[in-house]
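S.K.: I would like to see how this sequence folds:
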Amino acid sequence: MKYLMMIYEDFEAEAAKTPEQFQAMLAGYGKFTKDVTDSGVYLGGNPLQPGSTATTVRVRGGKVQTTDGPFAETKEQLGGYYLLECKDLDEALQWAAKIPHAAITAIEVRPIMVFG
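M.R.: Reported below is the predicted structural model:
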């Protein structure tokens, strides 16, 4: 089953990291990506630009409305994701716990809906 692991970040806290802390975080992500790739569960993943670069789209009454920024005003915002093929939720949660941001923010794990 495919699982999307959404990585939430506090972008203000991220911006306050020292260069050494940032490099350590990148190294942690490099190790995690290698581990999931080597295990054969990795299907994809990418970091995202900060929420300040987002545009939210809504259609109301047949008219397109756009708003700068993310949908919700929260301290933590979606910062990236991994898509993994895991045998079950337990395996997905084990992998999610190894994502570096699990120790400081949150990782949301959702199964991908399959039609047909």
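S.K.: How about K98, nearest residue that isn't a chain neighbour?
M.R.: Closest residue to K98 in three dimensions, ignoring its sequence neighbours and counting by C-beta to C-beta, 6 or more residues apart in numbering: F32, at 5.7 Å. Where you see a C-beta, it was placed from the backbone N, CA and C, and this is true even at glycine.
S.K.: Kindly provide the distance from that neighbour to R110.
M.R.: For F32, the distance to R110 under the criterion C-beta to C-beta, to the nearest Å works out to 18 Å.
S.K.: what about these two, which has more around it?
M.R.: Residue environment comparison for F32 versus R110 gives the larger neighbour count to F32, 18 against 12, counting by other C-beta atoms under 10 Å.
S.K.: just checking, A54 touches G69?
M.R.: Yes: in this structure A54 lies within contact range of G69 using C-beta atoms under 8 Å: 5.6 Å.
S.K.: hey, what's in contact with both of these two?
M.R.: Residues touching both A54 and G69 do not exist when contact is defined as C-beta atoms under 8 Å, 6 or more residues apart in numbering.
S.K.: So what's the gap between stretch 62-81 and the chain middle?
M.R.: Once both centres are worked out by C-alpha atoms, centre = their mean, to the nearest Å, stretch 62-81 turns out to sit 14 Å from its chain's centre.
S.K.: CA atoms only for it - export them in CSV, please.
M.R.: Output of stretch 62-81 as CSV, limited to C-alpha atoms (Å, rounded to 0.1, in the frame of the first residue of the first chain):
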residue,chain,number,x,y,z
GLY,A,62,-18.3,29.7,-10.6
LYS,A,63,-15.5,32.3,-10.0
VAL,A,64,-11.9,31.5,-9.3
GLN,A,65,-10.5,33.1,-6.2
THR,A,66,-6.8,33.0,-5.3
THR,A,67,-5.2,33.8,-2.0
ASP,A,68,-1.5,34.2,-1.4
GLY,A,69,-0.1,31.8,1.2
PRO,A,70,-1.3,28.5,2.6
PHE,A,71,-4.9,27.6,3.3
ALA,A,72,-4.5,27.8,7.1
GLU,A,73,-2.7,30.2,9.2
THR,A,74,-0.7,27.9,11.5
LYS,A,75,2.8,27.9,12.9
GLU,A,76,3.6,24.6,11.3
GLN,A,77,3.1,24.2,7.6
LEU,A,78,3.7,21.4,5.1
GLY,A,79,7.4,21.5,4.3
GLY,A,80,7.8,18.3,2.2
TYR,A,81,6.8,14.7,1.7
